[in-house]
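1. predicted model and sequence follow; I will ask about them next.
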Amino acid sequence: MTLAGYPSLPRTEKAKRAVLSLDMAAYHAVHDYRDPQGNIGVPAVARHYSWNPRTLQNKLNPNEDRNHLTARELEFVAALTLDTRLLDAFCTPLRALWMPMPEVSGLSGVAILNQIGEASAQLGQLARDTCTALADGRISADELAVLEKTSMRLMQAVQLLLQQARADMSAGGHG
């Protein structure tokens, strides 16, 4: 049995729940982007950077073998869309994690407790996803991709919790 009873995840579900290839992460980052004026996808990103929309669409086409985004263009897409799927796609083959670095100074005990709750929720999701993946005695590529992403989110939540605790300790003069 695979996730949600499908032989493989539907494309839209996989885009939300699994770690994607860098090409597919860029495709979804651009196509899901909405600018402040409400423009969506390729036209919004192309307009922002004065790029040719047709060229951008061709570079994002997963069936195109010749033209792809350059590293610089990918950097621009990441900066504009702030889509974390790009970081997931880049870090996973390196067996690395990325971690958001929010401002942590002056956080209350409640904020730290919220982070504990988030880490606990991620651990619960990892356990549920693992049980689902193991239900048929084997793990598919889609199931592994979901487990990788859920594991990544759990580790990020734990690291953020530690960062907040360190900031709280420093602010209180302990240590």
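-> Great, that's in hand. Numbers count the residues shown, from 1 in each chain.
2. for stretch 116-131, the distance to its chain's centre please.
-> Stretch 116-131 has its average C-alpha position 16 Å from the chain's average C-alpha position, going by Cα atoms, centre = their mean, to the nearest Å.
3. can you list contacts of that stretch?
-> 3, 143, 146-147, 150-151, 153-154, 157-158, 160-161 (Cβ atoms under 8 Å, 6 or more residues apart in numbering). Quick note: C-beta positions are derived from backbone N, CA and C, even for glycine.
4. after the helix or strand bottoming out on mean pLDDT in the chain, which helix or strand is next? Please name it.
-> Counting by mean pLDDT, DSSP states H and E, the chain has its least confident helix or strand at helix 11-17, which shows a mean of 76. Next helix or strand after helix 11-17 toward the C-terminus (DSSP states H and E): helix 22-32.
5. nearest residue to residue 53 other than its sequence neighbours?
-> residue 46 (4.0 Å; Cβ to Cβ, 6 or more residues apart in numbering).
6. quick one: that neighbour from residue 29, how far?
-> Look at residue 46 and residue 29: by Cβ to Cβ, to the nearest Å, they are 14 Å apart.
7. before we move on, back to that, for the least confident helix or strand of the chain, buried residues please.
-> Burial within helix 11-17, assessed by neighbour count using 16 or more other Cβ atoms under 10 Å, is assigned to 14-15, 17.
8. ok so, going back, and the residue nearest to residue 53, what element?
-> Mapping residue 46 onto the secondary structure by DSSP H and E places it in helix 42-49.
9. doesn't residue 38 belong to a strand?
-> No. Looking at residue 38 with DSSP: H, G, I helix; E, B strand; the rest coil, it is coil, so not inside a strand.
10. now residue 157, nearest residue through space, not along the chain?
-> For residue 157, the spatially nearest residue (Cβ to Cβ, 6+ apart) is residue 119, at 4.0 Å.
11. repeat that for residue 58.
-> When the adjacent residues along the chain are set aside, residue 58 lies closest to residue 67, with 5.4 Å between them (Cβ to Cβ, 6+ apart).
12. same check on residue 115?
-> Nearest residue to residue 115, sequence neighbours excluded (Cβ to Cβ, 6+ apart): residue 161, at 4.2 Å.
13. how close does that neighbour sit to residue 142?
-> Taking Cβ to Cβ, one finds residue 161 at 29 Å from residue 142.
14. for residue 68, give me its contacts.
-> Applying Cβ under 8 Å, 6+ apart, one finds that residue 68 lies in contact with 23, 59.
15. residue 19 and residue 87 touch, don't they?
-> No. Contact criterion Cβ atoms under 8 Å: residue 19 and residue 87 do not qualify, at 10.1 Å.
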